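Visitor: Need the 3D shape of this:
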Amino acid sequence: MGVAGADTLLSLIKQKQDLQSYRERHWNGTVQDYMELVMASPRVARNACQRLYDMILSYGFTEYTRHHERYIHYRLFDDPIDHGRDAVFGLDASLMRLAHNIKSAAFGYGTEKRILLLHGPVGSSKSTIARLLKKGLEIYSNTAEGALYTYGWRSDLGASGPDAVHWCPMHEDPLHLIPLESQEAVYAELNRRMGPKDYRIVHTGALCPFCRKTYQDLMTTYDGDWEKVIRHVVVKRLVLSEKDRIGIGTFQPKDEKNQDSTELTGDLNYRKIAEYGSDSDPRAFNFDGELNIANRGMIEFIEILKLDVAFLYDLLGASQEHKIKPKKFPQTDIDEVIVGHTNEPEYRKLQNNELMEAFRDRTVKIDIPYNTVWQEEVKIYARDFNDRQITGKHIAPHTIEMSAMWAVLTRLEEPKKAQITLLQKLKLYGGKTLPGFTEDNIKEFHEEALREGMEGISPRYIQDKISNALVRDDSGVCVNPFMVLNELESGLQHHSLITREEVRKRYRELLAMVKQEYEDVVKNEVQKAISADEEAIARLCGNYVDNIKAYTFREKVRNKFTGQEEDPDERLMRSIEEKIDISESRKDDFRREIMNYIAALALEGKQFDYKTNERLQKALELKLFEDQKDSIKLTSLVSTVVDRDTQEKIDIVKGRLIKNYGYCDVCATDVLNYVASIFARGDTKQR
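Guide: Numbers count the residues shown, from 1 in each chain. As a prediction, this is how the structure comes out:
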C-alpha cells in the first residue's frame, strides 16, 4: 500500500481555499469607490453599537412565553460559531436585557453613552457572554452583511508595496474625511436612503491626531483642494480581530503598582521623537492603547471595578463623550461598545464609594445570575461530561441531574408559603405542574425572591467534583450519583467561598434532600423495570375494567376458571386504586370516569388502551410491581445466595434498566442492590 505523496496533501489544502472570499476581505480602492459602496448600502457606515446589534440578530432568535412572561432566545449565545463550546444556558432573561440595551444604543436612545456592566456571582458566565460578543463581531466583519472599511495615506502617489501606505492607527471610517461644512448634507442623504424603521447613520467623530496632521499637511500642499488631498487616500476592507488587535480589545487589571493609563490610550514612541523633533508630533506616538485599537468594535474590561482610579477616569469620557485623552494630544473621538464585568464584592465596594458616583451614573448594570432552572443547569455539565468527552468510564443515569439539582437548590430562596417545599419550588421552576399551583404562583415566587441566583454554588465547583469522582477510582468503570454527591459534600469543608458555618450546614441538608430525591427516582425506575411486562399489565387492566364495568352496571363477573358468576372483586379494584391515592369516598367517581372514557372511545370506533390514562397506568404498574417483587424476591439481592429462577428474573429486570434507562451492567447491578437494600430496610421496619 503506497503512501500518499505531497501533491495529494497539497490538493486537499487547495480544495479548502476560497480565493474569492479572500479577495473580497482584502478589497481596497479610492474614496470615490467607498462613496459608491455607502450610497448603495448606507449600513456600511453604521456605528459600533448598530453593528453589534445587527450581529446578534444575524444569528436569529426565537420567542416563547414562560410563566406569562415573553422571552427572546438569541441564538448567538448558543455559540453556533464553535459548535456550542461556549453556549450559555438558561439565562434568556438576562441576555434579553443585554440585547435590549444594545438595541437602545443602536437607535441612539442614550445607552450608547453607558458602560454595559455584567454583574453576578463567580462562574455565572459573564466572561463567556463577552467572549461570544467578540467572536460574533469577528465573524460578522468577515461577511458581506457586516463589512466595514478604513483608510490610509499614501505620501508618494507613485509608491507601491505594503510600506507605501500609512494606515489610520484608529481604523476610522473614511467618512471622517468629509469636510465639516459638507457633513450634514452627506449624512442627510444617507439617512434618506434608509428605511423608516431603521436607525439613523450618525457622524462618529473627527479625524484622529495622526490623520488630522496628515490631512492638514496635504491641504497646505494643495492649497485647500480637497479633491487632490483624497487622491492620497487608500480605502480598504477592515476585518475585526482580537488576535491582531483590530477593532476588538480586552483589558485585564494588573498589580496596582504596575498599572499605567497609557495601556488604554497609547504612549510616546521615544525612538521616533528624535526623528520628528517633538513629542507632540502624532507620528511619534503609538496609538495602540486598548481603547485605541478597539475603535469601530468593542472592548471588554475584565473585573472592571478592580481598575485603578486613573483608569476609571479615562472610562468616564470614553463612555459619556466617546472621547479619550492620549498623552500630549487633544481629546480623540472613539466609536466602540464598552463591556465590563464584575463580581458581587467589587460591586458592593462601588456602591459604598461616594467618590465613584460619576462612574455609577455611567453604567448600565445587567445582572447575570446562576441558573434557577435545573434542566438548564444539566446542559452545562452534559456538555463536558458525556460519551464523546469521557472515555473508559460510564456516568450512571441521574449523576449529572442530581448534581445540577443540588447546585440549583443552593441558589433558591426558601418559599414564604408554608405549603410548598424548596424541592417543589425547584420542580415548579423547571416546568412541572403541581396541584394547587398556577403560573401566577410561580411568577409570585420570582417576584418575592429578587436575588435568587445571585448566591449559591458555582457550576465550576460542580465540574471540579465530577472530575474528582471520575479520576478518584481508576479501577472502577462507572461513576454513580453517590460518588459525586459524596465528593460535593466532602469539598464543602474547605470551600473557599463559604465563610459561615450555617451556610455549610444548609448545603449539607440540601444534599440529604437530593439523596432522598434520587432514592425516589431509582425506586420508581426499578419498579417500572420490574413491571415492564406489558402483557401482564394488559391482563391486569382487562381484569380491572371487567370488574369496574360489572360494579358500575351492578352486574356479575364470570370467573374464567370455574365459569361461575361472582360479585365484582372489590379487593382487586381497591388494591389498584389505592396506589394512586383514590380514597374510599371517591372510588365510585373514579370508576365512572374510566367507564365514561371507554364509552366515548367506543363511539369513535377506538379501543381503550391503559397507556392513554397516565394515572391508571401508574396504578397498574405499581400493583404489578407489588405482586412481582415478592415473586422475584428483590430483597434477596442483599444476600449472597440467589436461586437460579430468581437470578433469571433479576437479569431480565437488569436488561430493561440497561435498554430503557441508559444503565450499564455495573450501575444496573448497583442500583438493584441499592433499591433492594431500601426494601430490606422497609421490611425490617414493618417487622
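Visitor: use CA for all of it now, contacts and neighbours both
Guide: Fine.
Visitor: what's the neighbour count on the nearest residue to Asp588 once chain neighbours are set aside?
Guide: Counting by Cα to Cα, 6 or more residues apart in numbering, Asp588 lies nearest to Thr552, which is 8.0 Å off, once chain neighbours are set aside. The burial count assigned to Thr552 is 13, neighbours taken as other Cα atoms under 10 Å.
Visitor: same thing with Lys587?
Guide: Neighbour tally, Lys587, other Cα under 10 Å: 16.
Visitor: quick one: it is in a strand?
Guide: No. The assignment for Lys587 is helix, going by DSSP: H, G, I helix; E, B strand; the rest coil, so no strand is present there.
Visitor: that older thread, just confirm the residue nearest to Asp588 contacts Arg591, I think it does.
Guide: Yes. Distance between Thr552 and Arg591: 7.3 Å, which falls inside the contact criterion (Cα atoms under 8 Å).
Visitor: Buried residues of the longest helix along the chain, list them for me.
Guide: Secondary structure assigned by DSSP state H gives helix 501-530 as the longest helix of the chain. Taking 16 or more other Cα atoms under 10 Å as the neighbour-count basis, helix 501-530 is seen to contain the buried residues 504, 507-508, 510-511, 513-515, 518-519, 522-523, 525-530.
Visitor: and the residue nearest to Asp588, what does it touch?
Guide: Residues touching Thr552, when contacts are defined by Cα atoms under 8 Å, 6 or more residues apart in numbering, comprise Asp588, Arg591, Arg592.
Visitor: Could you confirm Lys236 falls within a helix?
Guide: No. Counting by three-state DSSP, Lys236 is located in no helix; its state is strand.
Visitor: Specify which member of the contacts of Thr552 is nearest to Leu492.
Guide: Checking the contacts of Thr552 against Leu492 by Cα to Cα gives Arg591 as the nearest, at 51.9 Å.
Visitor: quick one: secondary structure of the closest one?
Guide: helix.
Visitor: residues contacting it?
Guide: Contacts for Arg591 were tallied using Cα under 8 Å, 6+ apart; they are Ile548, Thr552.
Visitor: per-residue confidence at it?
Guide: The model reports Arg591 with a pLDDT of 89.
Visitor: Please report how far it lies from Glu614.
Guide: 15 Å (Cα to Cα, to the nearest Å).
Visitor: Over to Gly297?
Guide: Between Gly297 and Glu614 the distance, using Cα to Cα, works out to 55 Å.
Visitor: Look at these two and report which has more neighbours.
Guide: Between Gly297 and Glu614, counted using other Cα under 10 Å, Gly297 has the larger neighbour count: 27 against 9.
Visitor: Tabulate the contacts of Thr552 (JSON lines), appending distance to Ala602.
Guide: Output for those, formatted as JSON lines (distance: Cα to Cα, whole Å):
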{"residue": "Asp588", "distance to Ala602": "21"}
{"residue": "Arg591", "distance to Ala602": "17"}
{"residue": "Arg592", "distance to Ala602": "15"}
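Visitor: Check whether the most centrally placed residue in the chain sits in a helix, strand or coil.
Guide: With distances taken as Cα atoms, centre = their mean, the chain has Val88 as the residue nearest its mean C-alpha position (1.2 Å). Assigned with three-state DSSP, Val88 falls in the coil class.
Visitor: Could you tell me the model confidence score at it?
Guide: Predicted confidence (pLDDT) at Val88: the value is 96.
Visitor: How about the residue lying farthest from the centre of the chain, nearest residue that isn't a chain neighbour?
Guide: With distances taken as Cα atoms, centre = their mean, the residue sitting farthest from the centre of the chain turns out to be Gln564, at 66.3 Å. Across the structure, with Cα to Cα, 6+ apart as the measure, the residue nearest Gln564 apart from its sequence neighbours is Arg558 (5.6 Å).
Visitor: Now for that neighbour: which residues touch it?
Guide: Counting by Cα under 8 Å, 6+ apart, Arg558 touches Gln564, Glu565, Glu566.
Visitor: Where does pLDDT dip in the stretch 451-600 of the chain?
Guide: For the stretch 451-600 of the chain, applying pLDDT under 70 flags the ranges 473-475, 532, 561.
Visitor: Would you map the helices across it?
Guide: 459-472, 481-492, 501-530, 534-552, 570-577, 587-603 (DSSP state H, counting those that start in this stretch).
Visitor: can I get the CA coordinates of the fifth one in CSV?
Guide: Pointing back at helix 570-577 there. Backbone C-alpha positions of helix 570-577 (Å, rounded to 0.1, in the frame of the first residue of the first chain) are rendered in CSV as follows:
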residue,chain,number,x,y,z
GLU,A,570,-63.6,-5.3,45.4
ARG,A,571,-60.2,-6.2,46.9
LEU,A,572,-58.6,-6.2,43.4
MET,A,573,-60.2,-2.9,42.5
ARG,A,574,-59.2,-1.2,45.7
SER,A,575,-55.6,-2.6,45.6
ILE,A,576,-55.1,-0.8,42.3
GLU,A,577,-56.9,2.4,43.2
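Visitor: now for it, which elements pack on it?
Guide: If you count contacts as 3 or more Cα pairs under 8 Å, 6 or more residues apart in numbering; DSSP states H and E, helix 570-577 packs onto helix 534-552, helix 614-632.
Visitor: got TSV for these, with distance to Ile678 too?
Guide: As requested, those are arranged in TSV below (distance: least, Cα to Cα, whole Å):
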stretch	distance to Ile678
helix 534-552	25
helix 614-632	13
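Visitor: so what's Lys549 up against?
Guide: Per Cα under 8 Å, 6+ apart, neighbours of Lys549: Glu555, Met595.
Visitor: all strands of the stretch 1-150 of the chain, in order?
Guide: With DSSP state E, counting those that start in this stretch as the criterion, the stretch 1-150 of the chain has strands at 28-29, 61-66, 69-74, 115-119, 148-154.
Visitor: Dump these into a markdown table; add mean pLDDT as well.
Guide: Putting the strands of the stretch 1-150 of the chain into a markdown table (pLDDT from 0 to 100) gives the following:
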| stretch | mean pLDDT |
| --- | --- |
| strand 28-29 | 93 |
| strand 61-66 | 92 |
| strand 69-74 | 94 |
| strand 115-119 | 95 |
| strand 148-154 | 96 |
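Visitor: Single out the most deeply packed of these.
Guide: Mean neighbour count, computed with mean count of other Cα atoms under 10 Å, is highest for strand 115-119 among the strands of the stretch 1-150 of the chain, reaching a mean of 25.
Visitor: Understood, closing this out.
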